[in-house]
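1. Below is the structure, and that's it, no one-letter string:
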């Protein structure tokens, strides 16, 4: 994961911006249920009146409330209201006020003059409820009313004389009189108190002539408008988050692919042997896609879900703590469900990546060997082999798909059952007056948000292991220790020994192998000379050649180039002095010109043409419709094997290296072309060192020295004629290719 975090440093600003947007989105999402509750509780049930403190009240009504107050309470109330005397204001003011408050024509009003309604909210609520209690107790038809129980029976007998009594007694007597009522008042639920007070305010507004329907409509539109703004803000934030998360993920994928590709380019043959080509392709594509998806889901969900869950829990605690146990039931059920699914599906996710590797390997083998498969009419067997791997991957994919398909219906069932549970419990709370309908609706919404948050987190915990497998596979390549590295301090080569190649007591064994493939190899290849290497299949010819460009490093001994151990030369500096032509000609998509100029991109027309002439490739190139600009298909499928080899040779010649290495590069050429090519090479490359690995005696017959390999050792050294006389292995090879007459002549 450290590799991922290091690569995400480049996107730090974007990630910080995404986190800010996630907080904004969570704030918007968490605010919507509260506004929904306000619309239901205040906008619908309370008619849009959100406070028990009236903006305007009749003087007669305020006086009745003041009768129930002591002197301090009277002063507090009167400090928040200003008397609007219809006879004391000007005609213009009176007309303006009458438009708002029609009752002003008949009665003086008090107008609220402060901004801090909370300071007198509890006081006014208590006074309004006590007033309602007295009125209920005086009305015989309301004897069973809930409010009638607020007033002691002995007070009810006083009847209409209560106002007179309250006016005539002192504050101390009044306090003693109202004390038992206030004690009972504390037993009434706050929700019910608020509803009674707001109902009083609404009735007061109607009596004054205020349009309460307009108040309700304005409140719903105002709160609804805020909800709309929040929803739009959440939508914009979500779009920006998705866009930024995609960009962060895409940038990470690009960087990882570049690092992976660069690392693979630095691999020696030993590392390439450890990681199959199919596996490296899978790691560069599918595994990095899994990592990209992980980053998107982490940024989009893993960060967002805890914010939403924590915010939802805080909101619920502020809404109603008596029902939080229903939330625990829902979250616990979801976690139990996901845990069961993880136990079932998680092992299958880990297997799927390995099966993708396997299917890529089989597909690559079949496609690369298609001509052989067709030649041996073995299509059915290969089809069955691919079908077996494909069915295995399909089986696990279907299993995981079915498990995940079960998740959503089960989740919806749990969420619906939790909603029913909340409604069932909430209805009882509403009936007892401890909860409002809007609060229950908000509670359901918050619960669903919290459950979804926990669900998303747990779902991520299912997908993350699969992505972590991909991270490990990519990291395995990036952390692979390359066996062949450049020296810390490069040694300077002797310019007077240009092109001189020396093997000194070289031994080589493949990694983890017990026996040496090459043993005690010593020879010198000089500039202007052709050194040929021949031997039976498996004698170590190609292995020896691969040591020169450091595709492998020697196990023991030294290889010197221009008097310097090649391990003390940078790989770039070493390989730019070599012209390597592999046995199998490899061409790249492009043109003939681009392939010849592959090692020297800035090569001019004259260099390219001369290289093609020496390689005996000019004739067939000029026969092409576009000449040197003729397109080369991927893998060089539109040219023959012999043409591939000649273009590969031309590519090395255009580079003009110090040493040419031909690894059986004439095997696809006819004898005439082979002969002409060797003559041209001898003439044009007379100042270069030439090393030829060959199977045909005719290719190396004119070499200055021939090395005969057998079982990894040099068993013969000399010219063609010398080896015929004193090397039995060489003689056996020659006798298998030359006639008796040719041997006798030699």
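-> Received, thanks. These figures come from a predicted structure and were not determined experimentally. Residues are numbered from 1 along each chain as shown.
2. Now do the strands in the stretch 101-250 of the chain.
-> 109-112 (DSSP state E, counting those that start in this stretch).
3. From the opening residue of stretch 367-385 to its closing one, how far?
-> From its first residue to its last, stretch 367-385 covers 13 Å (C-alpha to C-alpha, to the nearest Å).
4. List the residues that contact the residue sitting nearest the centre point of the chain.
-> The residue lying closest to the centre of the chain (C-alpha atoms, centre = their mean) is residue 295, at 2.1 Å. The contact partners of residue 295, taken as C-beta atoms under 8 Å, 6 or more residues apart in numbering, are 4, 8, 245, 248, 249, 252. All C-beta atoms are positioned from the backbone trio N, CA, C, and that covers glycine.
5. So which elements touch the strand or helix carrying residue 405?
-> Using DSSP states H and E, residue 405 sits in helix 379-432. For helix 379-432, the packing partners by 3 or more C-beta pairs under 8 Å, 6 or more residues apart in numbering; DSSP states H and E come out as helix 324-368, helix 437-478.
6. which of the residues in whichever helix or strand the residue nearest to the centre of the chain is part of are buried?
-> Here residue 295, judged by DSSP H and E, is contained in helix 288-297. Residues 288, 290, 291, 292, 293, 294, 295, 296, 297 are the ones in helix 288-297 that count as buried (16 or more other C-beta atoms under 10 Å).
7. Thought residue 672 was touching residue 698, still the case?
-> No - taking contacts as C-beta atoms under 8 Å, residue 698 lies outside contact range of residue 672: 11.1 Å.
8. With neighbour numbers in mind, choose between the two.
-> Higher neighbour count among residue 698 and residue 672: residue 698, with 15 against 9, using other C-beta atoms under 10 Å.
9. mind listing what that one touches?
-> Taking C-beta under 8 Å, 6+ apart, we find residue 698 in contact with 671, 674, 675, 737.
10. Which of those sits closest to residue 582?
-> For the contacts of residue 698, the closest approach to residue 582 (C-beta to C-beta) belongs to residue 674, at 17.1 Å.
11. And the pLDDT for the closest one?
-> On the pLDDT scale, residue 674 is placed at 80.
12. for the one 10 residues further on, same thing?
-> At residue 684 the predicted local distance difference test score is 82.
13. any idea how far it is from residue 95?
-> Residue 684 is 114 Å from residue 95, where distance means C-beta to C-beta, to the nearest Å.
14. Tell me which of the helices and strands packed on helix 379-432 sits nearest to residue 508.
-> The minimum distance between residue 508 and these falls on helix 437-478, with 25.2 Å, by C-beta to C-beta.
15. just checking, what packs against the closest one?
-> helix 2-8, helix 12-38, helix 212-265, helix 288-297, helix 304-319, helix 324-368, helix 379-432.
16. Please identify the pairing partners of the helix or strand that that helix is followed by and their relative orientation?
-> Downstream of helix 437-478, the first helix or strand assigned by DSSP H and E is strand 501-508. Paired neighbours of strand 501-508 in the sheet (DSSP bridges): strand 518-525 (antiparallel), strand 556-561 (antiparallel).
17. Domain-wise, how is the chain divided?
-> 2-36+220-478, 56-212, 494-577+659-673+687-746, 584-656 (automatic domain parsing).
18. measure the first one end to end?
-> Taking C-alpha to C-alpha as the measure, domain 2-36+220-478 stretches 12 Å from start to finish.
19. could you give the mean pLDDT of it?
-> 82.
20. How far off centre is that domain?
-> Centroid displacement of domain 2-36+220-478 relative to its chain, using C-alpha atoms, centre = their mean, to the nearest Å, is 9 Å.
21. Number the chain from 47, please
-> Shifting the count to begin at 47 puts that one at domain 48-82+266-524.
22. just to revisit the earlier point, for the contacts of residue 341, work out which two are farthest apart.
-> Greatest spacing in these, by C-beta to C-beta: 50 and 291 (14.4 Å).
23. Comparing those two, which residue is more hemmed in?
-> Comparing residue 50 with residue 291 by other C-beta under 10 Å, the one with more neighbours is residue 291, at 25 against 17.
24. In space, what's closest to the more buried one - neighbours in sequence excluded?
-> Spatial nearest neighbour of residue 291, chain neighbours left out: residue 345 (4.3 Å); criterion: C-beta to C-beta, 6 or more residues apart in numbering.
25. coming back round to it: ok, now how distant is the residue nearest to the centre of the chain from residue 141?
-> Between residue 341 and residue 141 the computed distance is 68 Å (C-beta to C-beta).
26. Among the contacts of residue 341, which one sits closest to residue 643?
-> Nearest to residue 643 among the contacts of residue 341: residue 298, at 35.0 Å, using C-beta to C-beta.
27. can you tell me which residues contact that closest one?
-> Applying C-beta under 8 Å, 6+ apart, the residues near residue 298 are 50, 53, 54, 57, 337, 338, 341.
28. which one is the first one nearest to, not counting chain neighbours?
-> What that stands for is residue 50. Nearest residue to residue 50 in three dimensions, chain neighbours excluded: residue 517, at 6.3 Å (C-beta to C-beta, 6+ apart).
29. one step back: quick one: the contacts of residue 341 as a markdown table, columns for distance to residue 726 too.
-> Shown next, in a markdown table, are these (distance: C-beta to C-beta, whole Å):
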| residue | distance to residue 726 |
| --- | --- |
| 50 | 54 |
| 54 | 56 |
| 291 | 60 |
| 294 | 57 |
| 295 | 54 |
| 298 | 52 |
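30. Which residues does stretch 640-648 contact?
-> Here stretch 640-648 makes contact (C-beta under 8 Å, 6+ apart) with 625, 633-634, 649, 653-654, 657-658, 674, 678, 693, 696-698, 700-702.
31. Buried subset of those, written for PyMOL?
-> A single PyMOL command selects the buried members of the contacts of stretch 640-648 (16+ other C-beta under 10 Å):
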select buried, resi 625+633+649+653+654+657+658+674+678+693+696+697+698+700+701+702
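32. Which ones among the contacts of stretch 640-648 lie within strands?
-> Residues of those located in strands (DSSP state E): 625, 678.
33. Sort out for me which of the contacts of stretch 640-648 are in helices.
-> Those of the contacts of stretch 640-648 mapping onto helices are 653, 654, 657, 658, 693, 696, 697, 698, 700, 701, per DSSP state H.
34. In contact with the last one: list those residues for me.
-> Right, the one you point to is residue 701. By C-beta under 8 Å, 6+ apart, the contact set of residue 701 is 622, 625, 645, 646.
35. Reformat those residues as CSV; add secondary structure and pLDDT.
-> Below are these laid out as CSV (DSSP: H, G, I helix; E, B strand; the rest coil; pLDDT from 0 to 100):
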residue, secondary structure, pLDDT
622, coil, 88
625, strand, 89
645, coil, 84
646, coil, 85
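36. Please indicate which of these are buried?
-> Buried by 16+ other C-beta under 10 Å: 625, 645, 646, out of the contacts of residue 701.
37. so who does the first one touch?
-> Spelled out, it's residue 625. Counting by C-beta under 8 Å, 6+ apart, residue 625 touches 645, 698, 699, 701, 702, 703, 705, 706, 707.
38. sorry, back to before: let's have the domains of the chain in JSON lines, adding distance to residue 725.
-> Converted to JSON lines, the domains of the chain look like this (distance: least, C-beta to C-beta, whole Å):
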{"stretch": "domain 48-82+266-524", "distance to residue 725": "33"}
{"stretch": "domain 102-258", "distance to residue 725": "106"}
{"stretch": "domain 540-623+705-719+733-792", "distance to residue 725": "9"}
{"stretch": "domain 630-702", "distance to residue 725": "10"}
